[in-house]
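[1] Sequence first, then the predicted structure, then my questions.
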Amino acid sequence: MHHAGLDPDLHPTPPAFVAAGSLLHFPDIRSRFLPQSHDVIVCLPPGYHEEPDRRYPVLYLHDGQNVFDDLPLSPFGVQWGVDTTARALTHARVIEPIIIVAIGNAGRDRIDEYTPTRDNMHDAGGMADRYGQMLVYEIKPWVDHTWRTRRTARDTAVAGSSLGGLLSLHLGLTHPAVFGKLGLLSPSVWWDDRWIVRQLAAEGHRPDLRIWLDVGTGETRMLKGTRLLSRMLLRKGWQLGRDLAYVEADGALHDERAWGERTGLFLRFLFPAS
């Protein structure tokens, strides 16, 4: 399988059948756009193998080490549990069944890969566009080729927390024809003197994006920037309840546990059962 720039030797073909609810783990996927390899973990929805004609929307998640209950990789020992939450909400018919693709971060290169500009105060950053190229030109075509996906922007979400939230907003603004839904959990709006808000302000037309935005009131560093971002989104024409949800979680801190507690909320907003 030589597909959209992927080296077939580096992309193992998944087994024809895996038990529903289990995770498919592809370690050390190489990209021609980035120096580091990345783990990719795919979670198929309940009933995937029972409905061979059905196609599914896809959620791409950053910091893949931290998002799945069933994956003992988390450096913090606490995961979001997005697989467990998505399964429960799918069974309850609260959300539509989705394929979840999590991309592990590159460790010490995480800050560079997750940020759109170089921040001189941190002497780091600026590789988010190349990370986006990996996602758009390598990982997404491979996922679309391998599993039964719905491929349009309105069926494709990208989400993350902290710098992963900043990255998700940047990817939505730079690739709105690919990613039509964004999950921005406690995004690092402060990066490079709030560059992302200035970028959003400079957007000529409002891209067609459905956006979940949240922050905990216990996140002192994040709160002001996230409030500023929410005001800018409203000024640019997003409407609360229609294509924007904004939540300030009372007392919530900047950690995996808090994001895990809000996972069900953002999945419900981005992928409501029809």
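    Thanks, I have the structure now. These numbers come from a predicted model, not from an experiment.
[2] Share the number of residues neighbouring the closest residue to R130 other than its chain neighbours, please.
    Spatial nearest neighbour of R130, excluding adjacent residues (CB to CB, 6 or more residues apart in numbering): F33 at 4.5 Å. Backbone N, C-alpha and C define where each C-beta goes, glycine included. Neighbour count of F33, defined by other CB atoms under 10 Å: 18.
[3] tell me the contacts of F33?
    Counting by CB atoms under 8 Å, 6 or more residues apart in numbering, F33 makes contact with R130, Y131, Q133, M134, Y137, E138.
[4] Kindly reformat those residues as a markdown table containing secondary structure.
    What follows is those, written out as a markdown table (DSSP: H, G, I helix; E, B strand; the rest coil):
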| residue | secondary structure |
| --- | --- |
| R130 | helix |
| Y131 | helix |
| Q133 | helix |
| M134 | helix |
| Y137 | helix |
| E138 | helix |
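[5] rewinding a little: tell me which element the residue nearest to R130 falls in.
    Counting by DSSP states H and E, there is no helix or strand that carries F33.
[6] mind pulling up the phi and psi values for it?
    Dihedral pair for F33: phi -100, psi -20, per degrees, to the nearest 10.
[7] Out of the contacts of F33, who's the most crowded?
    Y131 (27 neighbours).
[8] wait, what's in contact with it?
    Contacts of Y131 by CB under 8 Å, 6+ apart are F33, L34, E113, Y114, L167.
[9] now C43
    Shown in contact with C43 (CB under 8 Å, 6+ apart): G21, L23, L24, F68, V82, D83, A86, I99, I100, V101, A102.
[10] rewinding a little: for the contacts of Y131, please prepare TSV with the additional fields pLDDT.
    Putting those into TSV (pLDDT from 0 to 100) gives the following:
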residue	pLDDT
F33	96
L34	95
E113	96
Y114	97
L167	98
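[11] So which of the residues you listed wins on neighbours?
    Most neighbours among the contacts of Y131, by other CB under 10 Å: L167, with 29 neighbours.
[12] Give me the nearest residue to that residue, chain neighbours excluded.
    Y114 (4.4 Å).
[13] How about I111?
    The nearest residue in space to I111 (CB to CB, 6+ apart) is A124, at 4.7 Å.
[14] Look up how far W190 lies from that neighbour.
    From A124 across to W190, the span is 14 Å (CB to CB, to the nearest Å).
[15] okay, and the common contacts of the two?
    By CB under 8 Å, 6+ apart, A124 and W190 have no common neighbours.
[16] Look at these two and report which has more neighbours.
    Set A124 next to W190 and count neighbours by other CB under 10 Å: W190 wins out with 19 against 16.
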